[in-house]
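*Asks:* Using only what follows, build the 3D model:
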Amino acid sequence: MSYVGDPYEYDIFFSYAYAEARAGGAGLGEWSRDIAQGIAEGLSLALNADGPEDRPVKVFRDNIELTPGTNLTKSLREHVKSSAVIVVILSRFYWGQQWCRDELTWWSDGKTGKPEDFDCFPILSQSLSDSHWPPMLTDEARKPYTVQSYTKGDLPKGFPLKGDALRAVLAEEISATVTMLVSKLRDLRKRAEATRKLRAIYASSPSSPGDVVIFLEAEPADGDRRSMIYSKLISKMKVIPQSNLGYISTAQIGGPIGLGPKAFIPDCDGMILLHRRADDAIELRILKASRDRQELLASPDRKQRLLLGVLSEVPGPVPSASVFGIPVIEDADILPDGLQ
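*Replies:* Numbering: from 1, shown residues only. Now for the predicted structure:
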């Protein structure tokens, strides 16, 4: 399993051109391979101590992973699609190679926005004209996106050095790339783990038909922030109510609750509690939500699935969430679409 984890088989897919015939030799491919090796070693050194031994950083380089007799087209497509991040080493020969075009096309299929928005890290090995730029790495005005430069004029920096000698010359550039990728992979791992938790809870009950409906709860003082979260979630699933209506209203903490989420939850697939401030009443709200959930699950009119989660913007653990086994999510963007 990869460092990021399910659904990814690989953390990094390195895509670069060999182009031996057109480049006049194997030097470009060897340079790119050595850079990829340096980045891979840096990632392993930085991340492999983060988790269990069966979750090391896993990278794909076709010269290592593909074996004779492999169906190259099918195998490469599967490896590209099952990688969390693609690192594209751009040369003047990259876009002219069919395999390179295929790899980047498979990767970008269905993705929109800037490369960083779909986890693509371009590295420039030579200065390029517009005709050499992959179309998916340009903006609406056909201007190339910013990339990390490993160039020295028309040549890759350090060329024709090889191995450790080359990586020593490019130590600063490789270190900068590793730093960016470490941050990205840690973020993706956190998101993947949170998604797996939610999906596990979601799948623990028989599925009911229809769209997913989530009740989003927050304290009145956090109404503005809740509105922002609502706008993020509404593109992923149905969210109620449109305006804030929480367990803690104008009544004192522990006092009369009045009309609250319990009146809505029977018609929902779950509830998300927004934990915005260190001094809010999240512990009381979790206790109340947990009791209401148990009561509703025991009701003959209950929904078949009833997710409960905490969306926390406060650093540190949420004790009651741990007690009740409720997942704590740190970013609304990581909630899977429809929780499917």
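
*Asks:* can you give me the strands for this protein?
*Replies:* Residue ranges of the strands in the chain, as given by DSSP state E, are 10-16, 59-60, 83-90, 120-124, 148-149, 151-152, 155-156, 213-217, 238-240, 270-275, 307-312, 328-329.

*Asks:* Relative to the last one, what are the paired strands and their orientations?
*Replies:* Strand pairing for strand 328-329, determined by DSSP bridges: strand 307-312 (parallel).

*Asks:* Mind checking the pLDDT average for the strand it pairs with?
*Replies:* Average pLDDT, strand 307-312: 86.

*Asks:* same question, stretch 219-236
*Replies:* The average pLDDT for stretch 219-236 rounds to 86.

*Asks:* buried ones in it?
*Replies:* E219, D222, G223, R225, R226, I229, Y230, L233, K236 (16 or more other CB atoms under 10 Å). C-beta: built from backbone N, CA, C; applies to glycine.

*Asks:* domain assignment for the protein?
*Replies:* As assigned by automatic domain parsing, the chain contains the domains 10-189, 205-339.

*Asks:* one step back: need the strands of the chain in JSON lines with mean neighbour count and distance to L45, can you?
*Replies:* Shown next, in JSON lines, are those (neighbours: other CB atoms under 10 Å; distance: least, CB to CB, whole Å):
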{"stretch": "strand 10-16", "mean neighbour count": "27", "distance to L45": "14"}
{"stretch": "strand 59-60", "mean neighbour count": "24", "distance to L45": "13"}
{"stretch": "strand 83-90", "mean neighbour count": "24", "distance to L45": "17"}
{"stretch": "strand 120-124", "mean neighbour count": "22", "distance to L45": "18"}
{"stretch": "strand 148-149", "mean neighbour count": "15", "distance to L45": "19"}
{"stretch": "strand 151-152", "mean neighbour count": "17", "distance to L45": "26"}
{"stretch": "strand 155-156", "mean neighbour count": "20", "distance to L45": "24"}
{"stretch": "strand 213-217", "mean neighbour count": "23", "distance to L45": "41"}
{"stretch": "strand 238-240", "mean neighbour count": "17", "distance to L45": "42"}
{"stretch": "strand 270-275", "mean neighbour count": "24", "distance to L45": "35"}
{"stretch": "strand 307-312", "mean neighbour count": "22", "distance to L45": "31"}
{"stretch": "strand 328-329", "mean neighbour count": "20", "distance to L45": "30"}
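
*Asks:* Give me the phi and psi for Q242.
*Replies:* Torsion angles at Q242 (phi, psi; degrees, to the nearest 10) stand at phi -70, psi -40.

*Asks:* For L273, give the beta-bridge partners.
*Replies:* Beta-bridge pairing for L273 (DSSP bridges): E217, V310.

*Asks:* how far away is it from I229?
*Replies:* Taking CB to CB, to the nearest Å as the measure, L273 falls 11 Å from I229.

*Asks:* swap in D164?
*Replies:* Remark: distance between D164 and I229 (CB to CB) = 49 Å.

*Asks:* related to what we said a few turns ago, turn the domains of the chain into JSON lines, columns for distance to M1.
*Replies:* Compiled in JSON lines, those are given as follows (distance: least, CB to CB, whole Å):
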{"stretch": "domain 10-189", "distance to M1": "6"}
{"stretch": "domain 205-339", "distance to M1": "19"}
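
*Asks:* mean pLDDT lowest for which of the ones you listed?
*Replies:* Among the domains of the chain, domain 205-339 scores lowest, at a mean of 74.

*Asks:* Counting neighbours, which bits of stretch 126-133 end up buried?
*Replies:* Q126, L128, H132, W133.

*Asks:* Beta-bridge partners for the residue nearest to F121 when sequence neighbours are not counted, please?
*Replies:* Of all residues not flanking F121 in the chain, V87 sits nearest, at 4.8 Å (CB to CB, 6 or more residues apart in numbering). Listed by DSSP bridges, the beta-bridge partners for V87 are F14, F121.

*Asks:* Hmm, A40 and V87 touching each other?
*Replies:* No - using CB atoms under 8 Å, V87 makes no contact with A40, being 9.5 Å away.

*Asks:* shared neighbours of the two, which are they?
*Replies:* I12, F14 (CB atoms under 8 Å, 6 or more residues apart in numbering).

*Asks:* which residues does the residue nearest in space to the middle of the chain contact?
*Replies:* What sits nearest the mean C-alpha location of the chain, by CA atoms, centre = their mean, is L188, with 3.7 Å. By CB under 8 Å, 6+ apart, L188 lies in contact with V4, Y8, A84, V85, D119.

*Asks:* try 10 Å
*Replies:* When contacts are counted by CB atoms under 10 Å, 6 or more residues apart in numbering, L188 touches S2, Y3, V4, G5, Y8, D11, A84, V85, D119, I334.

*Asks:* cool, C100 as well?
*Replies:* Counting by CB under 10 Å, 6+ apart, C100 has contacts S15, Y16, A17, Y18, A19, V88, I89, L90, S91, F93, Y94, P134.
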